[in-house]
Every structure is written in C-alpha cells, then in structure tokens.
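Student: predicted model, plus sequence, below.
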Amino acid sequence: MRIDGKVVVITGASEGIGAACAAEFARSGARLSLTARSEEGLKRAAGSTGLVTAGDLTSEETRRLVVERTLDRFGAIDILINNAGVGFYLPSWSAPMEQARGLMELNFFALLGMTQLVVPHMRARGQGMIVNVSSIGGKMTLPWLTIYSASKYAVGSLTEGLRMELRRDNVKTMLVCPGYVKTGFQQHVTAGQAPESLVRSRRMAITAAECALAIRRGVERDARTIVTPKSGWILVALARLFPALMEARMAAMNETA
Ligand SMILES: NC(=O)c1ccc[n+]([C@@H]2O[C@H](COP(=O)([O-])OP(=O)(O)OC[C@H]3O[C@@H](n4cnc5c(N)ncnc54)[C@H](OP(=O)(O)O)[C@@H]3O)[C@@H](O)[C@H]2O)c1
C-alpha cells in the first residue's frame, strides 16, 4: 500500500516502536492519529499536524474516542497499527491471575477491540490494512515471558484469521514479529526481571527506528508477516525443525534468571 496521504492510527505511540513508526510514516507523507496514555509523549511523536488522543486502551471508551476523533478529523482510516503492548517476567505457573488477565487485556483484547471498531469502516471503503505488532515470542515461546508469548501467539492467529475473513473486502493484515528492540519495554514490565542471559544479548538488539523502517517497508509491499531483524527467521525455523533442542537451549537461558 502507498503511504503518502494515508490516515494511520498508531496505538502505543507515546514512545518506543510506536513513536518511531509515527516518525517513519510521517516522513512518507502519512496523516497521523496517535494514542497511548501519556499525552506528553504523544504530542512529541505527533508533531504539529498529528491528532493525539490520550487514554488507556484497555478501556472501550478510549478506543471509541480514538476512532471517532480520527474519522471526525480525517474522514477515513487507511492503516491501523496495533502496537501497544506490555510484558512481565513471571513463571506462568505462579503469575497472579489478575496480572495475566491485565496483560491479555492490553496485548490481545484492546487490539481486537480496535480492530472491531475499524474493520467495518475499512470494509465499507473496500480498502485498508491492519498491522498487528506481535513478537518473535509469538512465533517461538520465550520461557521468561510465557504468558506474553501466549498473548502474541493469539495476536498471530487473529491476524491470519482476519486476513482470510477479509480477503474479499480488500482489507489486508500484516503481522510484525520484532526480535529484541532497544526501547523502554524492559523497564515497563509489570513484574519480574529479565534473565541475565537476555540482558547480555541486548547488544544484538535493533533500534526502534530500524523496526519502524521494516514495518513501513512491509506495509508498502503488502507483506503478510515481517520478522525484524530478518535473522529472526532463522530462530523461528530452528524452533520448528528442532523443537526439543531449541526448548533445551531456551530453558537453559531462562535458568540464568
Ligand atoms: N522492545 C522489544 O524488544 C519488543 C520486541 C518484540 C515485540 N515488541 C512489541 O512491540 C510493541 C511496542 O513495544 P515497545 O518496545 O515500543 O515498548 P514501550 O517502549 O514500553 O512502549 C509501549 C507503548 O504502549 C503504550 N501503552 C502501554 N500500556 C498502555 C495502555 N494500557 N493503554 C494505552 N497505551 C499503553 C505505552 O504508552 P503509555 O505508557 O504512554 O500508555 C507505549 O507507548 C509491544 O506490543 C511489544 O510487545 C517489543
């Protein structure tokens, strides 16, 4: 899809990958509608022309407001980038249920809620693209982030299902699976901390700007799935081909916690 002149809604755009997407898509001529909780962060990312709607996306009221305000201002939504997300480093067998539900509420249900509000509008126009930010953890389970991985697998399945449901409506979907990206994600986890082995691998991480560039290019070529950096595909393939070996390696990494 060509980005120039398109209306792009980005969730979780106050910092990190979402804010970098705002900068990247604005450079390509997109008109921005940004949402997250921090109004200050959103204003920084939106520049002088972008629309800002601050609020918690786990609330249906916020989601409705974002969509209504975008349609009022721009008259259309061409691309929805469902990016807001959070994690926690707690074993799945002992994580408080309330915390697990909270994670699912943002990573999965808020994303589904935004999608349900935007898709009817895209179907009516016979065009549009839903971009769902999952993770490499949505392609291979990361044992230090098991519940997070489960939420991202759900996002992957939803994205594929939507693509098939909406084929005749010319509404596309793209799944984004970043590896390690240098953002505040690690600091924003709601509990626990990353294993040492993971902290050490931070030097392999890409920047949010590199991730946003990959997303913009993916949208331009109507990609189905992007893994960024591309070397992540090797890990995904290894996990499919040699599951026992990879599980043993990942379990060992987790045990350095
Ligand atoms: N960083 C990585 O290594 C990595 C790797 C793979 C996938 N991802 C995924 O990439 C996406 C972006 O992550 P990031 O690395 O950019 O993390 P980040 O820097 O922590 O940014 C998260 C964004 O989500 C927003 N957010 C959090 N809770 C929210 C809520 N309840 N309502 C509305 N907005 C909320 C935050 O803004 P406010 O605090 O202002 O609300 C922020 O803008 C996430 O889905 C994450 O799972 C990240």
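Tutor: Thanks, I have the structure now.
Student: what residues sit buried inside stretch 220-238?
Tutor: Buried residues in stretch 220-238, defined by neighbour count with 16 or more other Cβ atoms under 10 Å: 223, 225-229, 232-233, 235-236. Backbone N, C-alpha and C define where each C-beta goes, glycine included.
Student: scratch that, stretch 74-85 is what I was asking about
Tutor: So for stretch 74-85, counting by 16+ other Cβ under 10 Å, buried means 74, 77-85.
Student: take the residues you listed and keep only those in strands.
Tutor: The strands, defined by DSSP state E, take in 79-82 from those.
Student: closest one to residue 210 out of those residues, please.
Tutor: Distance to residue 210 across those (Cβ to Cβ) is lowest for residue 81, with 16.1 Å.
Student: my read: the closest one touches residue 118, true?
Tutor: No: at 10.8 Å, residue 81 does not count as touching residue 118 under the criterion of Cβ atoms under 8 Å.
Student: next one: phi and psi at the residue nearest the centre of the chain?
Tutor: In the chain, the residue lying closest to the centroid (Cα atoms, centre = their mean) is residue 133, at 2.2 Å. With angles defined as degrees, to the nearest 10, residue 133 sits at phi -90, psi 110.
Student: right, and it touches residue 183 too?
Tutor: No: with contact defined as Cβ under 8 Å, residue 133 does not reach residue 183; the gap is 11.5 Å.
Student: list the contacts of residue 166.
Tutor: Shown in contact with residue 166 (Cβ atoms under 8 Å, 6 or more residues apart in numbering): 119, 123, 172-173.
Student: let's go with 7 Å and repeat that
Tutor: residue 119 (Cβ atoms under 7 Å, 6 or more residues apart in numbering).
Student: repeat that for the one 4 residues further on.
Tutor: For residue 170, the contact set (Cβ under 7 Å, 6+ apart) comprises 126-127.
Student: from residue 177, how far off is it?
Tutor: Distance of residue 170 to residue 177, computed by Cβ to Cβ, to the nearest Å: 24 Å.
Student: what is the nearest of the buried residues of stretch 220-238 to residue 36?
Tutor: Proximity of the buried residues of stretch 220-238 to residue 36 (Cβ to Cβ) peaks at residue 228, which lies at 21.2 Å.
Student: show the pLDDT at that closest one.
Tutor: With respect to pLDDT, residue 228 has a value of 96.
Student: residue 181 is in contact with that one, correct?
Tutor: No: if you go by Cβ atoms under 7 Å, residue 228 and residue 181 don't touch, sitting 8.3 Å apart.
Student: joint contacts of these two?
Tutor: Here residue 228 and residue 181 have 206, 211 as joint contacts, going by Cβ under 7 Å, 6+ apart.
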